[in-house]
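> starting from these lines, generate the structure:
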Amino acid sequence: MKKVAISACLLGGLCRYDGKTKIHNSVITAFEDWEIIPFCPEAPLFGTPRERISVFYVNGQNRIITDETDKDVTELLIDETKRFILAHPDLDMIVLKSKSPSCGRGTTPILNDKREVIALGDGVSAALFKENYSHLEIKDETGF
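Alright, predicted model coming up:
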């Protein structure tokens, strides 16, 4: 059976920062004959609901910073994503949540120190997935 990792919020998981979901029935239906592996690097680390996070361009690199307490959580999210990659080396596809600071694929707002959007790019997990699963198709929900 083919395996797909899908952002847990698209599957109906109440794992977003605001405690809600972004369920996407077309994604669920498209993979009803696949083994679905839910993925959310944020909820296990920070709980739900939680402080919102954003991607900031700092000293030449993207960093994930909490919106209210200004804490850099980039390394925590990298480590959580790497654990997932090690546990699931045999995926056949990945479907991520667009615009997410973790999962956005070319759609995540990158902010400057004034909180202005200066670019759209990859979330921290999406970037690691592209690097580690370069042979796979990695999509977001907008294609369904």
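
> next one: the most centrally placed residue in the chain from Phe46, what distance?
In the chain, the residue lying closest to the centroid (Cα atoms, centre = their mean) is Cys103, at 1.9 Å. To Phe46, Cys103 is 15 Å away according to Cβ to Cβ, to the nearest Å. (Each C-beta comes from the backbone N, C-alpha and C, glycine too.)

> what do you get for Ile64?
If you go by Cβ to Cβ, the gap between Ile64 and Phe46 works out to 11 Å.

> got it, and Val58?
Using Cβ to Cβ, one obtains 20 Å as the distance from Val58 to Phe46.

> how about Ser100?
Ser100 sits 14 Å away from Phe46, going by Cβ to Cβ.

> okay, those two: which has more neighbours?
Higher neighbour count among Ser100 and Phe46: Ser100, with 27 against 17, using other Cβ atoms under 10 Å.

> rewinding a little: list phi and psi for the residue nearest to the centre of the chain.
Note on Cys103: backbone dihedrals following degrees, to the nearest 10 are phi -110, psi -10.

> might one say that it is in contact with Lys130?
No. Cys103 is beyond contact range of Lys130, at 11.5 Å (criterion: Cβ atoms under 8 Å).

> thinking again about what came up before, hey, what's in contact with both of Ile64 and Phe46?
A shared contact of Ile64 and Phe46, defined by Cβ atoms under 8 Å, 6 or more residues apart in numbering, is any residue touching both; here these are Val73.

> in stretch 75-93, what's buried?
Taking 16 or more other Cβ atoms under 10 Å as the neighbour-count basis, stretch 75-93 is seen to contain the buried residues Leu76, Leu77, Ile78, Glu80, Thr81, Phe84, Ile85, Leu91, Met93.
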